[in-house]
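> What shape does this take:
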Amino acid sequence: MTSTPSSSQVPGSQASAAVAAATDTTEENVVHISDGEEQAAGPGKKRKQYSKVWNDFTQVCVDGKWKAKCKHCGKNLSAVSRNGTTHLKTHLTSCPLNNKRPGDKIQTNLRFGTTEKGAVSVENYVFDQEVARKALYSMIILHEYPLSIVDHHGFRKFVSALQPLFKMGTRNTIRRDIMHFYEGEKRKARIFLQRTNCRVAVTTDLWTADNQKRGYMAVTGHFIDDSWMLKSCILRFMYVPCPHTAEAICDALHKCLQSWDIDRRVSTVTLDNCSTNDSMIGLMETRLSATNMLLRGKWLHMRCCAHILNLIVKDGMEVIASAVSNIRDSIAYWVATPKRYEKFEKTALDEKVELVKKLQLDCKTRWNSTYIMLKIAIPYRKVFERLGELDRNYVCPPPNDWIFASTVCDKLGLFYDLTELFSGTKYVTANFFSLKYVRSNLKSNLGSMMSMKKLGKCLLP
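Reported below is the predicted structural model:
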């Protein structure tokens, strides 16, 4: 029969609890003794557990002997006082399920890291719930994953396999984490803008979401910091209720500028070239003091060059639409089914034409997609002509259409490259509008045109 400690070893009511529990086979003859009370550490001795190591262990009685049960992995170790607690501390350093607490200096695992030069290094690793949680919502923000990903069974199973200690939150928890992170980053950006003594160029765009049929406006600020580095910051992404009148857009933009405390530091506002935005700028000029604007607001309204260029090309595309339509129909025919496209690939292989890119259809309302469609299709002209001989149901475009399409593609390429240049974010795309203002200041400061000419010779190559 299994023996139990005598009543002299277990104080008061704990002795009866020990005897009763010792006969319970479901508990495997283990008696749990609550923390913080005066416990028996060994035969004939009673003392309190002062060592911090007992925060990670529980005293239990197993087969009449006192054991220290690890709260993390459940392993039983000796709890005799004469053995001390060194072996318990040693166990904590190697326990695979021990989660390091803030302030503890316990190395639990090693992992491989990569230095900036690409070399592999070994570094200490201790699981931290908050760090892992931040990595989760940062991943969702970076890749624009839906919040419901945390409810996906496969994703939860995958995360559990990587780190069983990680506690997955709900989509509402992740949403709160993301909003809290956003507010923190917004405060940092606002403080940075306040400390930077410069003007801010604002760009904004308004569009309607297809799936919601609701209008949204994005507002971005561009400025040069104290280190003369060009910076860009998304100030606001907001819902604008219908109708999208000049007054509604002006109210939304002005509130955004006020919330960032930059309404008196705006240099320019770049917008699409349309009548609504022209009226909106007129209202904005009345709300922004002329004394606070660059050149008293003369250059406040900047029309988007890329948008103007887009309008020009779209007008031209209406003229050449009929000539391009035959090639578009040919592409649509061969990408309609997988079987047809396999035949196209086989014919290209027979004609020794390398398939660099797959055929793709354009969006008729986007001229840049038409340019990409033609750029891909024109090198495969030989394949299309051969298929016209092999397939009775397919009519290949005549040679004149291919020649005309090639000419159109070359011209569209110029506009495409120019649009890419206008869309740059690492350099200033409009840097000539204030040259007259600079010249006026130089003239007044230098005092003579001769001095300006000498300065120009020094500055210009």
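> how about the strands in this protein?
30-32, 39-42, 45-47, 57-62, 65-70, 76-78, 109-114, 120-125, 200-208, 215-224, 230-239, 266-271, 301-303 (DSSP state E).
> So for the protein, which residue is the most central one in space?
Centroid-nearest residue in the chain, with C-alpha atoms, centre = their mean: L142, separated by 1.9 Å.
> And that one, how far from E185?
13 Å (C-beta to C-beta, to the nearest Å). Backbone N, C-alpha and C define where each C-beta goes, glycine included.
> what stretches of the protein score poorly on pLDDT?
Within the chain, the ranges that satisfy pLDDT under 70 run 1-50, 96, 99-124, 428-461.
> Tell me how far stretch 167-186 lies from the chain's centre.
Between the centre of stretch 167-186 and the centre of its chain there are 14 Å (C-alpha atoms, centre = their mean, to the nearest Å).
> ok, how many other residues are close to the closest residue to V408 other than its chain neighbours?
Nearest residue to V408 in three dimensions, chain neighbours excluded: I320, at 5.6 Å (C-beta to C-beta, 6 or more residues apart in numbering). Using other C-beta atoms under 10 Å, I320 is surrounded by 16 other residues.
> ok, now Q258?
Q258 is flanked by 12 other residues according to other C-beta under 10 Å.
> Straight-line length of stretch 64-75, end to end?
End-to-end span of stretch 64-75 (C-alpha to C-alpha, to the nearest Å): 17 Å.
> for stretch 158-173, same thing?
End-to-end for stretch 158-173, by C-alpha to C-alpha: 19 Å.
> In that stretch, which residues are buried?
Residues of stretch 158-173 classed as buried: 159, 166 (neighbour count, 16 or more other C-beta atoms under 10 Å).
> and if you look at stretch 403-412?
404-405, 408-409, 412.
> which residues sit against stretch 282-297?
199, 246-247, 250, 253-254, 263-269, 300, 434, 437 (C-beta atoms under 8 Å, 6 or more residues apart in numbering).
> picking up where we left off before, can you list the strands of the chain in a markdown table and add distance to Y394 and mean neighbour count?
Shown next, in a markdown table, are the strands of the chain (distance: least, C-beta to C-beta, whole Å; neighbours: other C-beta atoms under 10 Å):
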| stretch | distance to Y394 | mean neighbour count |
| --- | --- | --- |
| strand 30-32 | 81 | 17 |
| strand 39-42 | 89 | 20 |
| strand 45-47 | 94 | 12 |
| strand 57-62 | 79 | 20 |
| strand 65-70 | 74 | 20 |
| strand 76-78 | 79 | 15 |
| strand 109-114 | 52 | 10 |
| strand 120-125 | 55 | 10 |
| strand 200-208 | 38 | 18 |
| strand 215-224 | 43 | 18 |
| strand 230-239 | 47 | 15 |
| strand 266-271 | 46 | 21 |
| strand 301-303 | 45 | 16 |
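> got TSV for those strands, with distance to D391 too?
Converted to TSV, the strands of the chain look like this (distance: least, C-beta to C-beta, whole Å):
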stretch	distance to D391
strand 30-32	80
strand 39-42	89
strand 45-47	95
strand 57-62	79
strand 65-70	74
strand 76-78	79
strand 109-114	53
strand 120-125	55
strand 200-208	42
strand 215-224	46
strand 230-239	49
strand 266-271	50
strand 301-303	49
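> circling back: from R171, how far off is the residue nearest to V408?
For I320 relative to R171 (C-beta to C-beta), the value is 49 Å.
> Domains in this protein, by residue range?
13-94, 127-195, 196-303, 307-422 (automatic domain parsing).
> Figure out how far the second one is from the centre of its chain.
With C-alpha atoms, centre = their mean as the basis, domain 127-195 stands 11 Å off its chain's centre.
> What of the last one?
Once both centres are worked out by C-alpha atoms, centre = their mean, domain 307-422 turns out to sit 34 Å from its chain's centre.
> Span of that domain from start to end?
Domain 307-422: ends 10 Å apart by C-alpha to C-alpha.
> With the third one instead?
Domain 196-303 stretches 26 Å from its first residue to its last (C-alpha to C-alpha).
> who's in contact with Y333?
Counted by C-beta under 8 Å, 6+ apart, Y333 has contacts 340, 394.
> One more pass at 6 Å, please.
Y394 (C-beta atoms under 6 Å, 6 or more residues apart in numbering).
> Could you measure from it over to K346?
Taken as C-beta to C-beta, the span from Y333 to K346 is 16 Å.
> Please report how far the residue nearest to V408 lies from P397.
For I320, the distance to P397 - C-beta to C-beta - is 14 Å.
> can you check Y137 too?
Counting by C-beta to C-beta - Y137 and P397 are separated by 52 Å.
> Repeat that for R133.
Distance, R133 to P397, using C-beta to C-beta: 57 Å.
> These two - which one has more neighbours?
P397 (22 against 17).
> does that one really touch S325, like I thought?
No: counting by C-beta atoms under 6 Å, P397 sits too far from S325 to count as a contact (9.4 Å).
> For the longest helix seen in the chain, buried residues please.
Under DSSP state H, the helix in the chain containing the largest number of residues is helix 305-334. Using 16+ other C-beta under 10 Å as the test for burial, helix 305-334 gives 305-307, 309-310, 313, 317, 320, 323-324, 326-328, 330-331, 333-334.
> Now do it against strand 200-208, angle only.
If you take axes from the mean of the first three to the mean of the last three C-alpha atoms, to 10 degrees, helix 305-334 sits at 40 degrees to strand 200-208.
> Now do helix 305-334 against strand 266-271, angle only.
Using the same axes, to 10 degrees: helix 305-334 against strand 266-271 is 30 degrees.
> any idea how far helix 305-334 is from the chain center?
Distance, centroid of helix 305-334 to centroid of chain: 34 Å (C-alpha atoms, centre = their mean).
> same thing with stretch 82-95?
The answer for stretch 82-95 is 44 Å, by C-alpha atoms, centre = their mean.
> Against S51, how distant is Q163?
29 Å.
> To clarify, my last question referred to R175.
Taken as C-beta to C-beta, the span from R175 to S51 is 43 Å.
> More neighbours: which of those two?
Comparing R175 with S51 by other C-beta under 10 Å, the one with more neighbours is R175, at 15 against 12.
> which residues sit in contact with the residue nearest to that one when sequence neighbours are not counted?
Excluding the flanking residues, the one nearest R175 by C-beta to C-beta, 6+ apart is L147, at 5.8 Å. Taking C-beta under 6 Å, 6+ apart, we find L147 in contact with 171, 174-175.
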